[in-house]
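Participant: Got a predicted model here, sequence first, then my questions.
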Amino acid sequence: MSFHPLLPSSPTLSTNNGPRAPPEIIDAVLDELASDKKDIDSFHTLLRCSLVSRHLSWRCRMHIFQEINLGWSKDALRSQDSQGLTSGTVSGLVDLLFDNPSLSEQILSLRINPAFYYYNPDRGDLCDNLSTLLEQLPNLRTFALTSGSDPDAASLPWSWFPVVAQSAIEACCARPTIKCVEFRGFKGFPTNLIYSCSSSLTTLYLSRTMSLSTGDPMEQNQVEHAANGGPLRRPPWSLESLVCQNALPLLRPAIDDEFNPHDSPFSSLQHLNVAILTYSDSRLIAPLLRQSEGSMRTLEVSFSLWTGASTFETNWIHLPHLRRLHVAISCTQVQNDLHFPNDVPNLIYDVVYGQTSIKYLSIHTTCQMVYVPPPPAGHQSVLNGDEGWKRLGDRLASEAFSNLNMFRVSLSVFLVQQDGASEITRGACEEVEELLTRDVIARFERPGRSLSTAICVQSLRELFHAAIEDMN
């Protein structure tokens, strides 16, 4: 069936030209096609619809050009729930917008992967054309410079951008239309760029991005003070969502300042996703949560745990409006037997203890363990012998957590072969999975509360082979 748009005042009718539909119906169909960013077929259908008529062309372009991605492969974009237009050359996009100036107003999101141009000098037209491109996008709402999605990738030097490009980036972030800014994978990052963002900014993503100094916090503050010609002023923005992974020191000046609770840049913060790598990082969380006490709804915290060497400050205030809490812990050292280090349940307990208003709780732990064949049936246990897990289970079973109605436990265990021992079989991994599942249910299942588990046990050999297959 073909659709022919009518003026809004025209009734729906059928003529010799074929069936017709009101423009509202057509708009709804196009909006539905555009709603699924991961469906490549829907996106291609939008492209075909844009060739039907001038009216459909204009309507489809609102979706097709809404999000532009530069320097990304289509596979990488699909993994990040993005199916916007891609372009390998910035100059090509600049020329397109010069020839079709009306397209510039349709672009609301620009995501650039500088690593692509940094490691491909023959495609290195980003720095030469970035300032021109940004000037062509008056309605930009989201601006992202993300150097790849690999968390282990090397960070790019911010100094790679020429001064003209750096000035254009700062001017872009300060626009009143900008609501979301993302920086990922940079070193030598200018802290003042964050603090000069638009007062309209509501969402900030920072990942693997460090300022001019990455050492002692006092030294870092001194460097920032000198680099910016004086102390940083209060940020003009009031965030609603903050994602900060391995970049928390960038926000130290704003967090440390004693703002009026109603005038804090974090007083409207509803969602916080933060990685805590050091004791210094953990000390920043308490004042940050104090400033967002009246607004915080979702809190996601992840820890990198060095057994016996990690200390974190977790004396956080009660967040009365918190509804969702996620705690993730990655253990970096191999355990000598089939047990999690005591620091894992103790740290989860400390974080969860005072957050009695939550309705949804999820915990995730990744750990490597030396595989030791479990004892005879009836005596096997991975969790129940540890006092820390018992204490956590008892706390969650108390009346204080009567609002908690959904609890998810996710455990990823990698078994390491003992010296001289036989190879770890798939059956051995499944046996440990069954033990963990049984222990989790016994420890945390409660009447009236939904408990879900996601438990995966693999040998490092299995993991290695799976990685090789993915590469092939």
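Facilitator: Thanks, I have it. Numbers count the residues shown, from 1 in each chain.
Participant: check contacts around the spatially most central residue of the chain.
Facilitator: Residue closest to the average C-alpha location in the chain (Cα atoms, centre = their mean): residue 243, at 6.1 Å. By Cβ atoms under 8 Å, 6 or more residues apart in numbering, residue 243 lies in contact with 204-207, 273-274. Yep, even glycine has a C-beta here, placed from its N, CA and C like the rest.
Participant: need these in TSV with secondary structure, pLDDT and distance to residue 361, can you?
Facilitator: Shown next, in TSV, are these (DSSP: H, G, I helix; E, B strand; the rest coil; pLDDT from 0 to 100; distance: Cβ to Cβ, whole Å):
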residue	secondary structure	pLDDT	distance to residue 361
204	strand	96	25
205	strand	96	24
206	strand	94	26
207	strand	92	25
273	strand	97	16
274	strand	95	17
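Participant: got the CA coordinates for the helix or strand residue 243 falls within in CSV?
Facilitator: Assigned by DSSP states H and E, residue 243 belongs to strand 241-245. In CSV, the C-alpha atoms belonging to strand 241-245 read as follows (Å, rounded to 0.1, in the frame of the first residue of the first chain):
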residue,chain,number,x,y,z
SER,A,241,22.6,12.6,35.0
LEU,A,242,26.3,12.0,35.6
VAL,A,243,28.4,9.1,34.3
CYS,A,244,32.0,9.3,35.6
GLN,A,245,34.4,6.4,34.9
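Participant: helix or strand right after that strand?
Facilitator: helix 252-256.
Participant: For that following helix, name the packing helices and strands.
Facilitator: helix 191-195, helix 217-227, helix 279-291 (3 or more Cβ pairs under 8 Å, 6 or more residues apart in numbering; DSSP states H and E).
Participant: which one of those has the lowest average pLDDT?
Facilitator: Ranked by mean pLDDT, the helices and strands packed on helix 252-256 bottom out at helix 217-227, which scores a mean of 43.
Participant: Give me the distance between residue 25 and residue 273.
Facilitator: In this view, residue 25 and residue 273 are 39 Å apart by Cβ to Cβ, to the nearest Å.
Participant: neighbour count winner among these two?
Facilitator: residue 273 (17 against 13; other Cβ atoms under 10 Å).
Participant: just the strands in the stretch 351-472 of the chain please.
Facilitator: Per DSSP state E, counting those that start in this stretch, the stretch 351-472 of the chain carries strands over the ranges 360-370, 406-416, 450-459.
Participant: How far does the shortest one sit from its chain's centre?
Facilitator: Mean-position distance between strand 450-459 and its chain equals 22 Å (Cα atoms, centre = their mean, to the nearest Å).
Participant: One more: the first one?
Facilitator: If you compare the mean C-alpha spot of strand 360-370 with that of the full chain, they lie 19 Å apart, counting by Cα atoms, centre = their mean.
Participant: could you give the angle of that strand to strand 450-459?
Facilitator: Angle of strand 360-370 versus strand 450-459, following axes from the mean of the first three to the mean of the last three Cα atoms, to 10 degrees, is 20 degrees.
Participant: So which residues make contact with strand 360-370?
Facilitator: Taking Cβ under 8 Å, 6+ apart as the rule, strand 360-370 contacts 323-331, 333-341, 344, 348, 352, 396, 404-418, 460.
Participant: Can you say which of those residues are buried?
Facilitator: 323, 325-329, 331, 335, 338-341, 344, 348, 352, 396, 404, 407, 409-411, 413-416 (16 or more other Cβ atoms under 10 Å).
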